[in-house]
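here is a sequence together with a model predicted from it:
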Amino acid sequence: MTQDASGPRPVATLEMVAALAGVSRATVSRVVNDSPRVDPELAQSVKKAILALDYTPNRAARSLVKRRANSVTLIVSESTSKVFADPFFATVVQGIALFLTDTEYTLNMIISSESKPEKTRSFLLGGSVDGVLVVSHHSGDHSWTHLSGSLPMVFAGRPLVGATEAYFVEVDNEQAAYNATRQLTANGRTSVATIAGPQDMPPGIDRLAGWRAAVREAGLGEGLVEIGEFTVASGAQAMHRLLDRGAPIDAVFAANDQMAAGAYTAIQGRGLRIPEDIAVVGFDDDSFATSVSPALTTVHHPIVELGKKMAETLVNLIEGNPTDRVTRLPTSLVIRDSV
């Protein structure tokens, strides 16, 4: 009995590829696993046979050969409620996923609890992870401490622990904050306050430093500082504290757009106008920047590109390819109606 020509095509095997290409099974395996120890002409013959037979490599077997899990883990050192409220995290995951789509790697995510750091360490060292991406890290985090010698690791922003050896991707937060504040002083604002981010995180520290440099350069003294938590509520509370001081304020630089949105509610709740009475500049250029009225002037933070570059750097580390230890992405100031 003959097989119906319209029936399902047999699944191609490594042996079938080897027979069609006229090479050994071992040679096909080397080509599939990107070994450099194959003559280019033979490799081309194998690749043509793979296409002709529509052969799909057994990725599980390849993982065993390479001793890889084909999996990377994103650690976010924040509470679950904060992660799902902040568009930064969704956007950086988008960038990571976009890069990994064309690789063999899958992404999983840990919202890390520092109350039980050993749980995170145990998972990461259990053999099911090839590398780690760390976002929103604090100086007191311990889940990933001392793991860089065991697993490839890439940070979003320089870590405050082990920075001399770490691989990280960031923007120049200090320069960007300086530029944002200079926009305010160049517009004639003379009492520029700031709502700074947490001082146990690199962006909080660096953006405060950039604001300080700009107000000092403009001869405005030390200025007024309140610390927030990169949330809307903390921005509103910080702005109320600034206003309650009774000192003149005609502008405020908020270290992210969520805190700027919180500042809006405090300013407008006091019957003050933006920008006529108080100009406001934020940082990130996320959905909060265009959801407030007037639209917020802010630093554009290329968060999707940040995620992509983090994933690219990590994959290069995993696969032993050369890669830069530090990558800095450019920012720009987006002028809207709040200045």
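It's in.

thought Val334 was touching Thr298?
Yes: between Val334 and Thr298 a contact is recorded at 5.6 Å, counting by Cβ atoms under 8 Å. Backbone N, C-alpha and C define where each C-beta goes, glycine included.

with neighbour numbers in mind, choose between these two.
More crowded of Val334 and Thr298, by other Cβ atoms under 10 Å: Thr298, with 26 against 16.

could you look up the SS state of that one?
Using DSSP: H, G, I helix; E, B strand; the rest coil, the secondary structure recorded for Thr298 is strand.

which residues touch Val28?
Contacts for Val28 (Cβ atoms under 8 Å, 6 or more residues apart in numbering) come out as Leu14, Val17, Ala18, Ala21, Val46, Ala49.

following the host helix or strand of it, which helix or strand comes up?
Assigning secondary structure by DSSP states H and E places Val28 in helix 25-32. With elements assigned by DSSP H and E, the helix or strand that comes after helix 25-32 is helix 40-53.

what comes up buried for that next one?
Leu42, Ala43, Ser45, Val46, Ala49, Ile50, Leu53 (16 or more other Cβ atoms under 10 Å).

check stretch 264-282 too.
Quick answer for stretch 264-282 (16+ other Cβ under 10 Å): Tyr264, Thr265, Ala266, Ile267, Ile274, Pro275, Ile278, Ala279, Val280, Val281, Gly282.

turn those residues into a markdown table, including distance to Pro248.
Formatted as a markdown table, those follow (distance: Cβ to Cβ, whole Å):
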| residue | distance to Pro248 |
| --- | --- |
| Tyr264 | 19 |
| Thr265 | 21 |
| Ala266 | 16 |
| Ile267 | 14 |
| Ile274 | 16 |
| Pro275 | 15 |
| Ile278 | 10 |
| Ala279 | 13 |
| Val280 | 16 |
| Val281 | 18 |
| Gly282 | 21 |
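
closest one of those to Val72?
Nearest to Val72 among those, counting by Cβ to Cβ, is Gly282 at 30.9 Å.

is the closest one in a bridge, and if so with what?
For Gly282, the beta-bridge partners under DSSP bridges are Thr298.

who are the contact partners of it?
Gly282 sits in contact with 253-254, 256-257, 259-261, 288-289, 296-299, where contact means Cβ under 8 Å, 6+ apart.

Ala97 reaches Thr106, doesn't it?
No: shown here, Ala97 and Thr106 do not form a contact pair, counting by Cβ under 8 Å, at 9.7 Å.

can you pull out the residues in contact with stretch 226-237?
82, 85-86, 193-199, 204, 238-239, 241-242, 254-256, 258-263, 265-266, 288.

okay, buried residues for that stretch please.
For stretch 226-237, the neighbour count (16+ other Cβ under 10 Å) marks Glu226, Ile227, Gly228, Glu229, Phe230, Thr231, Val232, Ser234, Gly235, Ala236, Gln237 as buried.

sorry, back to before: between the contacts of Val28, which is nearest Val304?
Val46 (36.6 Å).

not counting its neighbours along the chain, what's nearest that closest one?
Distances taken as Cβ to Cβ, 6 or more residues apart in numbering place Val31 nearest to Val46, at 4.3 Å, with adjacent residues excluded.

so for that neighbour, what's the pLDDT?
pLDDT recorded at Val31 is 83.

hang on, it packs against Glu41?
No: assessed by Cβ under 8 Å, Val31 is found out of contact with Glu41, at 11.7 Å.

quick one: the helices in the stretch 51-200 of the chain?
For the stretch 51-200 of the chain, the helices defined by DSSP state H, counting those that start in this stretch cover 59-66, 80-85, 87-100, 117-124, 173-186.

including distance to Leu160, could the ones you listed go into a markdown table?
Shown next, in a markdown table, are the helices of the stretch 51-200 of the chain (distance: least, Cβ to Cβ, whole Å):
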| stretch | distance to Leu160 |
| --- | --- |
| helix 59-66 | 33 |
| helix 80-85 | 19 |
| helix 87-100 | 19 |
| helix 117-124 | 16 |
| helix 173-186 | 13 |
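
these: lowest mean pLDDT?
When those are compared by mean pLDDT, helix 59-66 comes last with a mean of 50.

before we move on, back to that, tell me the one of the buried residues of helix 40-53 nearest Ile318?
Ala43 (23.2 Å).

please report how far that closest one lies from Ala12.
To Ala12, Ala43 is 18 Å away according to Cβ to Cβ, to the nearest Å.

what comes up buried for stretch 202-211?
Pro202, Pro203, Gly204, Ile205, Asp206, Arg207, Leu208, Ala209, Gly210, Trp211.

can you check stretch 236-252 too?
Ala236, Gln237, Ala238, Met239, His240, Leu242, Leu243, Ile249, Asp250, Ala251, Val252.

quick one: which of the contacts of Gly282 is the most crowded by neighbours?
Neighbour max across these (other Cβ under 10 Å) = Met259, 35 neighbours.
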